[in-house]
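Novice: How does the following fold in three dimensions:
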Amino acid sequence: MTAGSGLVLGYFSLGEVEDYRSYYSSIPETAVGPADPQWPGCYEVAYWTADWLEVAKTEVTKLIEAGYDGAYFDVVDEYQTDWAQANAPGGDAAGAMKTLVEALSAYAKSLDADFQIWVNGAEELLTDETYLDAIDGMLKENLFYDFDGSSQISAEDTEYMLEYLHLATAAGKPVIDIEYVAGNAGKIADVYAKAAAAGVGIYVAELDLAGIDYADNRFSSSNDDVLDGRNGAFTLAGGLGDDTYITDGGDTLIEEADAGTDTVKASVSYVLGANLENLTLIGNAAIDGTGNDLDNVIAGNAAATRIDGGAGADAMAGGAGNDTYIVDNAGDTVTELAKQGTDLVLASVSFALGGNVENLVLTGTGNINGTGNALANRITGNDGNNRLDGGAGADTMAGGLGDDLYVVDNAKDVVTELAGQGTDTVEASVSHMLGANLENLVLTGSAAIKGTGNALDNTITGNDGANVLDGGAGADALAGGAGNDTYIVDNLGDTVREAAGAGTDTVKASVSFTLGANVENLTLTGKAAIDGNGNGLDNVITGNAAANVIEGGAGNDTLAGGAGIDTVSYADAAGAVTVSLAITTAQDTGGAGTDRLGGFENILGSAFADTLTGDKKANRIDGGAGADTMAGGAGNDTYVVDNAGDTVTELAKQGTDTVLASVSFMLGANVENLTLTGSGNINGTGNALANKITGNDGNNRLDGGAGADTMAGGLGDDLYVVDNAKDVVTELVGQGTDTVEASVSHMLGANLENLVLTGTANINGTGNALDNTIAGNAGANLLNGGAGNDTLIGGGGADILTGSAGMDTFVFAAGFGADRITDFTVGDDVIRFDSDLFADFDAVLAAASQVGADTVITLDADNTLTLANVETSSLLLASFDFA
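Specialist: Numbers count the residues shown, from 1 in each chain. The predicted structure follows:
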């Protein structure tokens, strides 16, 4: 039974026991009294015994566990029977009933303070304040009409009962009169009017409703009815009013449209039928609650429930278990209290979790959003483009397919994406590192936070604070925004973008990098030999521990090379520059701003005519394309010369210096070494020092100058000028056909083919194991061909020619002088005369005479050729050649 307030009360008879109750057999026979003649199967019971108290407590416990709001105690007036008065202790049957009600009330409220105790009748007991405090409400049958509704109760009797009942209303306890006049409109109107006048509630019912356990009944009224269909399969219709139905699944509930706001209390999984608004799951079973097309209110029980409000804008509250909610309407709400389990919302529309709900899964394929709360939420997207915002807690978010957007506001937020699940973006107001398969990161707010990418080609955007942006291994696009930002660059494909006036920004690069527009500073990191280039701003560029090439660009730059062998570059300068490594303060370069330099060993000039000066260290100075003026200073300096107008200046005792020239070049004073580069046919000339001159892959002319020089021509047909007896010429096998022009006595080194003596001094020329061509000068020369098939040309002067091993050729032209061949071998060696000397072999024989052991061929008084130890008669035509 219930009151119109909508309370659900469980029925229990205090003064009688029904023989169909499960506990009937547990009552001693001595405690069971006579049968009630009005209700078959009902017997008076010794309600004052301990056995009955335990039975009553057990039933009250069941009602509390089943979710009832209270207990409805019937037959409280049993103390008025003769049997009760004869058997109650001390004959105080009324006192025993009062004690029982008070004991049960105390017990029930010890289990659930909100559990209510309602009693039917026995209003005389209300005079006891302890009893009145123990109950929460009164039910009184037949205050105005008798049981069958046929006759009115006398006014005197009604007034008598009301005298007691008003004790309850005065104490704030509701009193409800139950009248069995259903179906009689006139009597219904009468009892409603009288109840209102008396200050009590009214409930109109059928008398046989008490037997609902055993009948298939249909009940309706215009009141706020509570219909309990448990323990049977009933058809229940509440009619008008805000009705409450209690069902265990076997009942049929009928509500008409516009017939009040109705509630179903179900102990089994239940789907609301038409015109039913609210659903409350009761009991402890894990069951489901499903709404309809209305805006439903659905409440779960203490177990793990699944609640689906249906199409309307539903209000859902799960209760204590691990509940699951189905959300399909933007107006749906989900309510959970603290410590009520771990709950899940499955939403096919955009949804924000309310307080105390942990997890959210977006369903379907729509482009919808999911928002968390202050808890550590787990939020999962669907196959559409989702926006997932976990809220304040340490959330775990997984977007799934689609191009998803994640909002991260807690350092412990975790974002998960699988490969091939779209192009995804994280918006973070805290420092964040992209997990695998996430492409983009946008920092929000104005805090100084860090954004880190992954192995993909990320796009990372900073906020208005001072950010550190690190794209990770991929070719990343980084944009810092306002604030003094720091960029970590580790891939040649990384780009950094800054707007004008957006702070003073720094790039830390472990690969070669050129600053983009509006980025001020660059620091090279790691141990690799990489390069750093500035822009038009006043840059600060710092190298790493390796060999760096650093160019500041057009601004007034501060450049620091670091620990390695570093080069400051002006290759892109707009005009000629003047730069000195010896100046550590700011210096006006002329063509590239006013720069401050430190820690550089080398200089690279511009395309113009630069003036470049080193310091006391070993510098490498490369002037670039223009006609440059270079001075290394102290230290073993290296100069790069690529313009015939380049000049190199060194002072005495300023180290051992080297010029690398791709054009013909003559060493200036105090420069020791020259190396020709490239493959052009160019010349290299030394100075008075003992120079080391090295050729390139072309045909070079190498002249060491006055000192004791070392020359190596390399590939190509090279020409060496030797003017010092200590000059050394080096060639490797297969490095062309090379010639030495010597103004001093000289012996060809290995792999050199030709030797030409120059000047007029009486000097000597000696060949090697190759087939040499050796030519004397105007002086008296000693020429020795060595082991090969050599060609010896004495030239003017009294020369002594020795072919040595091999088949040698001796060449004579006009004015050859008085020459002598020391080892002419007839049949092997050949003498070649110019045709204007002797016309043929006969002419030679005519001019030949035997002088002792030698043959002397006389052209004239000034020109004779002596063949030592050769018989004139042995000469052969084949021994001569006439050119």
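Novice: For the stretch 101-250 of the chain, just list every one of the strands.
Specialist: Using DSSP state E, counting those that start in this stretch, the strands of the stretch 101-250 of the chain run over 116-120, 137-141, 175-179, 201-204, 226-228, 235-237, 244-247.
Novice: Can you tell me which of those strands has the worst average pLDDT?
Specialist: Lowest mean pLDDT of these: strand 235-237, a mean of 62.
Novice: Reformat the strands of the stretch 101-250 of the chain as CSV; add mean neighbour count and distance to Thr158.
Specialist: Quick note: C-beta positions are derived from backbone N, CA and C, even for glycine. Output for the strands of the stretch 101-250 of the chain, formatted as CSV (neighbours: other CB atoms under 10 Å; distance: least, CB to CB, whole Å):
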stretch, mean neighbour count, distance to Thr158
strand 116-120, 23, 17
strand 137-141, 22, 10
strand 175-179, 24, 10
strand 201-204, 21, 13
strand 226-228, 25, 26
strand 235-237, 19, 32
strand 244-247, 24, 29
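Novice: Export these as JSON lines, with columns for distance to Asn724.
Specialist: As requested, the strands of the stretch 101-250 of the chain are exported to JSON lines (distance: least, CB to CB, whole Å):
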{"stretch": "strand 116-120", "distance to Asn724": "127"}
{"stretch": "strand 137-141", "distance to Asn724": "132"}
{"stretch": "strand 175-179", "distance to Asn724": "136"}
{"stretch": "strand 201-204", "distance to Asn724": "135"}
{"stretch": "strand 226-228", "distance to Asn724": "128"}
{"stretch": "strand 235-237", "distance to Asn724": "129"}
{"stretch": "strand 244-247", "distance to Asn724": "122"}
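Novice: Asp323 is nearest to which of those strands?
Specialist: strand 244-247 (20.4 Å; CB to CB).
Novice: For the very next helix or strand once past the closest one, which strands pair with it and how are they oriented?
Specialist: Using DSSP states H and E, the next helix or strand after strand 244-247 towards the C-terminus is strand 252-254. Here strand 252-254 is paired, per DSSP bridges, with strand 235-237 (parallel).
Novice: May I have the residues that are in contact with Arg387?
Specialist: With contact set as CB atoms under 8 Å, 6 or more residues apart in numbering, Arg387 has these partners: 369-370, 404-407.
Novice: would TSV of those residues with neighbour count and pLDDT be doable?
Specialist: Shown next, in TSV, are the contacts of Arg387 (neighbours: other CB atoms under 10 Å; pLDDT from 0 to 100):
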residue	neighbour count	pLDDT
Asn369	20	98
Gly370	26	98
Asp404	28	98
Leu405	19	98
Tyr406	31	98
Val407	23	98
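Novice: with these in mind, which one is nearest to Ala448?
Specialist: Taking the contacts of Arg387 together and measuring to Ala448 by CB to CB, the closest member is Val407, at 19.4 Å.
Novice: I'd say that closest one and Glu427 touch.
Specialist: Yes. At 5.1 Å, Val407 and Glu427 qualify as touching, with contact defined as CB atoms under 8 Å.
Novice: Dig out what Thr416 forms beta bridges with.
Specialist: Beta-bridge partners, per DSSP bridges, of Thr416: Ala398.
Novice: residues touching it, list them.
Specialist: Here Thr416 is in contact with 396-398, 435 (CB under 8 Å, 6+ apart).
Novice: Buried members of the residues you listed into ChimeraX, please.
Specialist: Filtering those down to the buried ones (16 or more other CB atoms under 10 Å) takes a single ChimeraX command:
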select :396,397,398
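Novice: and which of the contacts of Thr416 is nearest Thr649?
Specialist: Gly435 (60.8 Å).
Novice: Confirm that that closest one sits in a helix.
Specialist: No. Gly435 sits outside any helix when classified using DSSP: H, G, I helix; E, B strand; the rest coil, being coil.
Novice: Can you tell me the centre-most residue of this protein?
Specialist: Leu434 (1.7 Å; CA atoms, centre = their mean).
Novice: pLDDT wise, what is Gly6 at?
Specialist: Gly6 is given a pLDDT of 57.
Novice: Take the contacts of Arg387 and keep only those in strands.
Specialist: Those of these mapping onto strands are 369-370, 405-407, per DSSP state E.
Novice: Make JSON lines out of these and add distance to Leu253.
Specialist: Converted to JSON lines, the ones in strands among the contacts of Arg387 look like this (distance: CB to CB, whole Å):
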{"residue": "Asn369", "distance to Leu253": "37"}
{"residue": "Gly370", "distance to Leu253": "35"}
{"residue": "Leu405", "distance to Leu253": "45"}
{"residue": "Tyr406", "distance to Leu253": "45"}
{"residue": "Val407", "distance to Leu253": "44"}
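Novice: count of residues packed around the closest residue to Leu63 other than its chain neighbours?
Specialist: In this structure, Leu63 finds its nearest non-sequential neighbour in Gly10, 3.8 Å apart by CB to CB, 6 or more residues apart in numbering. Counted with other CB atoms under 10 Å, residues neighbouring Gly10 total 22.
Novice: Surely Gly10 is in a strand?
Specialist: Yes. Under three-state DSSP, Gly10 sits within a strand.
Novice: For this protein, name the helix or strand with the lowest mean pLDDT.
Specialist: One helix or strand of the chain scores below all others by mean pLDDT, DSSP states H and E: strand 235-237, with a mean of 62.
Novice: residues in contact with Gly645?
Specialist: Contacts of Gly645 (CB under 8 Å, 6+ apart): 609, 626-628.
Novice: for these, which one is nearest Thr809?
Specialist: Ala627 (48.4 Å).
Novice: pLDDT value on the closest one, please?
Specialist: The model's pLDDT for Ala627 equals 98.
Novice: and it, what element?
Specialist: Judged by DSSP H and E, Ala627 forms part of no helix or strand.
Novice: Identify the residues contacting it.
Specialist: Taking CB under 8 Å, 6+ apart, one finds 609, 643-646 in contact with Ala627.
Novice: neighbour-wise, which of those leads?
Specialist: Asp646 (25 neighbours).
Novice: Isn't Asn539 up against Gly552?
Specialist: Yes. With contact defined as CB under 8 Å, Asn539 and Gly552 form a contacting pair (5.3 Å).
Novice: Between the two, tell me which one has more neighbours.
Specialist: More neighbours surround Gly552 than the other of Asn539 and Gly552, with 32 against 26 (other CB under 10 Å).
Novice: The top helix by length along the chain versus strand 116-120: what angle between them?
Specialist: Scanning the chain for the helix with the most residues, using DSSP state H, yields helix 93-111. Helix 93-111 and strand 116-120 meet at an angle of 160 degrees, taking axes from the mean of the first three to the mean of the last three CA atoms, to 10 degrees as the criterion.
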